[in-house]
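1. Build me a model:
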Amino acid sequence: MPTRTKQYSPEVLAEAQRMANSTATAMVYEYELVDAPVGDNLLGITYVGQSCEPCMAPDAALIDRDQKHVREAKSHPNKPFSRAINSYGKTAIKGPHVIAKTKGKRLAAMEWANEKECQLIVARGGKWRDGSCGAAQTLNEKPGGQGDPWIRLCSIAHRKLKAGPRVRPQCEHPGFLQETCASWRPALLQCSWRRRTLLSTWLPEGGIWSLQARDAVLQTAWRWQALPA
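-> Below you'll find the predicted structure:
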């Protein structure tokens, strides 16, 4: 186990290790600018990204990433990809298209995604330099990768355990998940389209809940404060 995580408690490290051993699907995806004025040297330029979401189906994860990029275009308009979305419009940019995908233990999947993303950015001409380079570069601000996967998992585990003590013990009650499912279904109609899509992926029609589904519901509940104290 890396020594750079000594600042975390044993409970956080244990949770991070549990997440590292859970199953996740990692994807590397790409966008391409396909509609631009005649003579525009950025026509055909691409953006490369990655996703590794253990609590979402691959299609839902892509929807989530796509909408995140749209939100970032407003909140971080100076990023190269954000400028492209704002300048040309989202409809002028085709994607996301999955270039490569793998399924396995979450830590290994995250490492794989980092490596593949970096390789694809290099293959597409490297990170963004300036407009004069045209499409012989990507719209990626950085050379790729999301940092040390183990450190990221420890950070996620730390936030999860810090946010969850008042909710987490409830999951041990035999009827908790079924009651949560029943109470959330009517609320889905009041949720945004994105939340409704994601929650519908996790909430089962029957009464069988996997550990992964339970964690997905609880994590979302903490984030949205959707469960009672």
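2. going forward, measure contacts between C-alpha atoms and count neighbours the same way
-> Fine.
3. and the helix or strand encompassing residue 48, what does it pack onto?
-> Take DSSP states H and E as the rule and residue 48 turns out to sit in strand 46-52. With contacts defined as 3 or more C-alpha pairs under 8 Å, 6 or more residues apart in numbering; DSSP states H and E, the packing partners of strand 46-52 are strand 23-33, helix 58-75, helix 106-123.
4. Out of these, point me to the one whose mean pLDDT is lowest.
-> With a mean of 90, helix 58-75 has the lowest mean pLDDT of the helices and strands packed on strand 46-52.
5. mind exporting the helix or strand just after it as PDB, just the C-alpha atoms?
-> Remark: after helix 58-75, the chain's next helix or strand is helix 80-88, criterion DSSP H and E. Taking C-alpha atoms only, helix 80-88 is exported to PDB below (Å, rounded to 0.1, in the frame of the first residue of the first chain):
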ATOM      1  CA  PRO A  80      -9.900  24.800 -24.600                       C
ATOM      2  CA  PHE A  81     -12.800  22.200 -24.800                       C
ATOM      3  CA  SER A  82     -15.200  24.700 -23.100                       C
ATOM      4  CA  ARG A  83     -14.300  27.400 -25.600                       C
ATOM      5  CA  ALA A  84     -15.000  25.000 -28.500                       C
ATOM      6  CA  ILE A  85     -18.400  24.100 -27.100                       C
ATOM      7  CA  ASN A  86     -19.200  27.800 -26.500                       C
ATOM      8  CA  SER A  87     -17.900  28.900 -29.900                       C
ATOM      9  CA  TYR A  88     -19.200  26.200 -32.200                       C
END
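6. Give the rounded mean pLDDT of helix 80-88.
-> The average pLDDT within helix 80-88 is 96.
7. Domain map for the chain?
-> Domain assignment of the chain by automatic domain parsing yields the ranges 3-153, 164-224.
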